[in-house]
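> Below is the structure, and that's it, no one-letter string:
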């Protein structure tokens with residue numbers, strides 16, 4: 001069972017993202033429509049995160065992604081298919097000591113907007129981001145050896161943040 005490790009936020013995570021972004025852009029080349037650093041490591045106001053860089057890649061055609069599996073394996077990624085989320089291709093890197101998660105979606109998939117709205121909302125609402133960071137620390141202390149229980153307990157709060165982010169995004173566009 002994977003352990004839950006939560007560390008203080010560091011600028012190093014932005015550097016790790018930029019480095020990996022370059023590599024992934026070389027692999028996918030003109031198939032990428034957009035690439036983004038998402039998740040807690042991308043939002044300093046959260047203050048704490050698992051030291052895993054989440055990367056969102058948007059492609060024109062999700063069907064072409066499997067043709068890159070061999071190249072991604074060469075640099076340490078493990079193709080996991082949809083891994084529970086319809087329309088996504090998921091690639092963790094680092095096995096038990098994960099360093100990166102790549103989430104690939106086709107243009108127009110609802111989760112692209114969810115991820116980007118979530119990040120924008122927390123960057124615009126640092127107090128909410130800090131509350132999320134505090135929750136992560138508390139849950140990691142409570143469930144240091146049970147990553148699934150940590151995730152399960154955190155999900156209620158995350159779902160509420162996703163809802164707020166979506167509503168905020170709609171209001172921002174109206175005003």
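Looks like it came in fine. Model, not experiment: these values are computed from the prediction.

> which residues touch residue 96?
residue 2 (CB atoms under 8 Å, 6 or more residues apart in numbering). (Each C-beta comes from the backbone N, C-alpha and C, glycine too.)

> what's the spacing between it and residue 2?
Summarising the geometry, the distance separating residue 96 from residue 2, computed by CB to CB, to the nearest Å, is 6 Å.

> Can you name the residues in contact with the helix or strand encompassing residue 140?
Take DSSP states H and E as the rule and residue 140 turns out to sit in helix 126-142. Identification of contacts with helix 126-142 by CB under 8 Å, 6+ apart yields 4-6, 9, 40, 43, 45-50, 121-123, 150, 153-154, 157-158, 161, 164.

> now do stretch 28-40
With contacts defined as CB under 8 Å, 6+ apart, stretch 28-40 is touched by 9, 14, 17, 21, 24-25, 42, 46, 48-50, 52-61, 64, 68, 101, 103, 107, 115-116, 118-119, 132-133, 136.

> tell me which residues in that stretch are buried?
Residues of stretch 28-40 classed as buried: 28, 31, 32, 35, 36, 37, 38, 39, 40 (neighbour count, 16 or more other CB atoms under 10 Å).

> Among the residues you listed, which are located in strands?
32, 35, 36, 37, 38 (DSSP state E).

> about what we covered before: just the buried ones out of the contacts of stretch 28-40, please.
Among the contacts of stretch 28-40, those classed as buried by 16+ other CB under 10 Å are 9, 17, 21, 24, 42, 46, 48-50, 52-59, 68, 101, 103, 115-116, 118-119, 132-133, 136.

> Check which helices and strands the longest helix along the chain sits against.
Residue-count comparison of every helix in the chain, with assignments taken from DSSP state H, identifies helix 147-174 as the longest. Under the contact criterion of 3 or more CB pairs under 8 Å, 6 or more residues apart in numbering; DSSP states H and E, the helices and strands touching helix 147-174 comprise helix 110-124, helix 126-142.

> Can you tell me, leaving aside adjacent residues, what's nearest to residue 114?
Nearest residue to residue 114 in three dimensions, chain neighbours excluded: residue 162, at 6.0 Å (CB to CB, 6 or more residues apart in numbering).

> ok, the one you found to residue 104 distance?
When residue 162 is compared with residue 104 (using CB to CB), they lie 20 Å apart.

> picking that back up, residues touching the residue nearest to residue 114, list them.
For residue 162, the contact set (CB under 8 Å, 6+ apart) comprises 114, 117, 118.

> where does the chain have low pLDDT?
Scanning the chain for pLDDT under 70 picks out 1, 175.

> residues of the helix holding residue 140 that come out buried?
Of the residues in helix 126-142, those scored as buried under the neighbour-count criterion (16+ other CB under 10 Å) are 128, 129, 131, 132, 133, 135, 136, 139, 140.
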